[in-house]
Structures are given as structure tokens and as C-alpha cells.
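Novice: please find the sequence and the predicted model below.
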Amino acid sequence: MVDHVLDRPLAEAKPVPATLGRWVQLRQAMAAYALCTPAVVLMIALLVGPILAVMALSLTDYQLGAKSLAFIGLENYVEMFGERVFWISLTNTMIYVALVVPGSVLLGLGVALLIEAGDSGKTFYRAVFFLPVMATLIAMAIVWEFMLHPQFGLVNLLLKLVGMTPQNWLTDGDLALYVLATIGIWQAVGFNMVLFLAGIVSIPRFLYDAAEMDGVPSAWERFRLVTWPMLGPVTLFVVVITSIRSFQVFDTVHVLTKGGPNKATEVLLYTMYAEGFEFFRSGYAAAITVVFLAFVLLLTVVKTQLIDKKVHYQ
């Protein structure tokens, strides 16, 4: 009896009508769009919307406080590319980025390796190096201003003790930009250190054991063959983030030098600020903002494309 029942052919499943299948797919698509709508609206309101507004404003002659404006097309961009101050600020920004990015990335990696290699005091050293990141940059800039004072600053006092000549660190056009870059490196090292520490901790320990078994006993060889390749994704992220943060330098310039002496420390963001809030040329300042955003985007894409080819992902 049982064998007879088991030998019966199974009833064929009834096919789902095509109309019903399309209705189910439509309901799923509507649900997906409904769930994505709040995020899309926020992204447009907080990111895309302001960028489009700045781009539109850059095509006008609007001045801060004016009751009217006129469409002038690309005149702001033509004027900007013909201005000597714009090219000086762009050059200074590029020099600042070229100094801060490699300096802070290499020092952050070195500090992370030293802290992780130590046996004690790791928490203390992490807190010490991360302190500049937690502190307000404007407050730290004021402290640096006192330290670099030409008469009673701590830096010049130390130079006098070792028999060296004191310098006018912030009023010398040949030194001021490099001093600001040094402060930028000091401020970024702690942040990069934390990121590199997270990457070092996540490297599997058995890779070092395998390298030692293969005859790689020295610390440098272990770093070159294991640590550095495995830190590829972290290094890519650190380089991109540090480049963007360096391109956005403004606080130290505004507090310490005001773009001087003689435009020696003028950077793009400070030029944008001066044109928009000191000379009230909002349309011209918006054009500088668009160029600034374009440079940040280009810098990020170039660095990502060049470095990503050499990055090892697990």
C-alpha cells in the first residue's frame, strides 16, 4: 500500500500567473524606493543641493547683502584665472599639501610601529600623540603663536641656548609657510597614528610566524614583506583623508598669519574667505569654491587610482 502511494507521480505545481509575478516585483521595487527615499532626500539637501547652489552663485555678480544679482556667466572664472593672488594661493596650497601629507603619513606610521612594538605605556603614548587631534586647532594655533614669538617665544629661547640665531618664524616670507606645514604635520600625526594602529592590530600573527620560519628574522624584512603590504588599504585611506584635510587648511592661516607676509601663506580657503566675507564678493568667492572642490575631487581620484593599483586586499 505504501509502495503504491509512493509510486504515484507528484502533482505538478501550478504556474504563477505572469501578471501576479509582475505585481510582486513592482511592490518590491516600490518598497525599496520608499526605504531609500529619506537617505536620498537628505543627501540632496545636505550635499548635492549646496554644491549646485554654489555653482549657480558663481555665475552671478552677487555681493553679500545686495538685494539683486545679475547673471554674468563665466566672468568670475575668467577674472579668477587672471588674478595673481589666486595663483599664489593655489601654489601655496599645493606646497602645503606636498609637505603635510608625506610628513604626517610617515610619522604617523612610525609612531604606530614604535607604540605597538613597546611592552608598556601604550595607552599613555596613544593619548599623548592623539592630544593634538582632540584639542581645538584654533586654541593650539594661539599656543603656537606664543611659542614662535620672535622675542619671548619658547622656540627662539631654545635656539639661543644652543647658540643658534633666533628667527621671525611667522613674519619671514621664506619661513612662514613651512612653519604652518610643520604645525599641520604635528596636528595630523595623532589621527594617522590611530588609523595605522588599527591596521597593525588587524594583521594576522601567523604571517609573522610564517615569515620567521622562512628565514626572515630581521624587523625590517618583516615590515617590508608582511606589515607594509597588509597595511595597503589603511595607507590608501590615510593618504586620501590627509590630502583632503590638508587642502582644507584655514584655521592656522587665519589665526597666525592672515595670509601674510606679502601673501606668502595665502591659501585657497583663506582667499575664498577674504573675498566672500571681507570684500563681500560672494559670486567671486563661490567661483573659488567651485575650483577648490574640483581640485579636491581631482586630487582624491588621482591618488586613489595610483595607489589602489599597489594595494593588497585580503
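Specialist: Looks like it came in fine.

Novice: and the helices in the stretch 201-314 of the chain?
Specialist: Residue ranges of the helices in the stretch 201-314 of the chain, as given by DSSP state H, counting those that start in this stretch, are 205-213, 219-222, 228-230, 232-247, 251-252, 268-277, 282-308.

Novice: want to throw these into a markdown table with mean pLDDT?
Specialist: Below are the helices of the stretch 201-314 of the chain laid out as a markdown table (pLDDT from 0 to 100):
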| stretch | mean pLDDT |
| --- | --- |
| helix 205-213 | 82 |
| helix 219-222 | 83 |
| helix 228-230 | 88 |
| helix 232-247 | 89 |
| helix 251-252 | 90 |
| helix 268-277 | 92 |
| helix 282-308 | 84 |
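
Novice: mind putting these in CSV, distance to residue 262 included?
Specialist: Heads up, the C-betas are built off the backbone N, CA and C, glycines and all. Below are these laid out as CSV (distance: least, C-beta to C-beta, whole Å):
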stretch, distance to residue 262
helix 205-213, 53
helix 219-222, 46
helix 228-230, 42
helix 232-247, 23
helix 251-252, 18
helix 268-277, 14
helix 282-308, 20
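
Novice: and of the ones you listed, who's closest to residue 41?
Specialist: Among these, helix 282-308 comes nearest to residue 41, with 21.9 Å by C-beta to C-beta.

Novice: what angle separates that closest one from helix 268-277?
Specialist: Between the axis of helix 282-308 and that of helix 268-277 there is an angle of 160 degrees, by axes from the mean of the first three to the mean of the last three C-alpha atoms, to 10 degrees.

Novice: in helix 282-308, which residues are buried?
Specialist: Residues of helix 282-308 classed as buried: 282-292, 295, 299-300, 303-304, 307 (neighbour count, 16 or more other C-beta atoms under 10 Å).

Novice: also stretch 213-223?
Specialist: When burial is assessed from 16+ other C-beta under 10 Å, stretch 213-223 yields the following buried residues: 216, 222.

Novice: so how far is the first residue of it from its last?
Specialist: Distance between the two ends of stretch 213-223: 15 Å, counting by C-alpha to C-alpha, to the nearest Å.

Novice: show me how far that stretch is from its chain's centre.
Specialist: Centroid separation for stretch 213-223 versus its chain: 33 Å, with C-alpha atoms, centre = their mean, to the nearest Å.

Novice: quick revisit: and residue 45, which of the helices of the stretch 201-314 of the chain is closest to it?
Specialist: Across the helices of the stretch 201-314 of the chain, the minimum distance to residue 45, taken as C-beta to C-beta, is reached by helix 282-308, at 17.7 Å.
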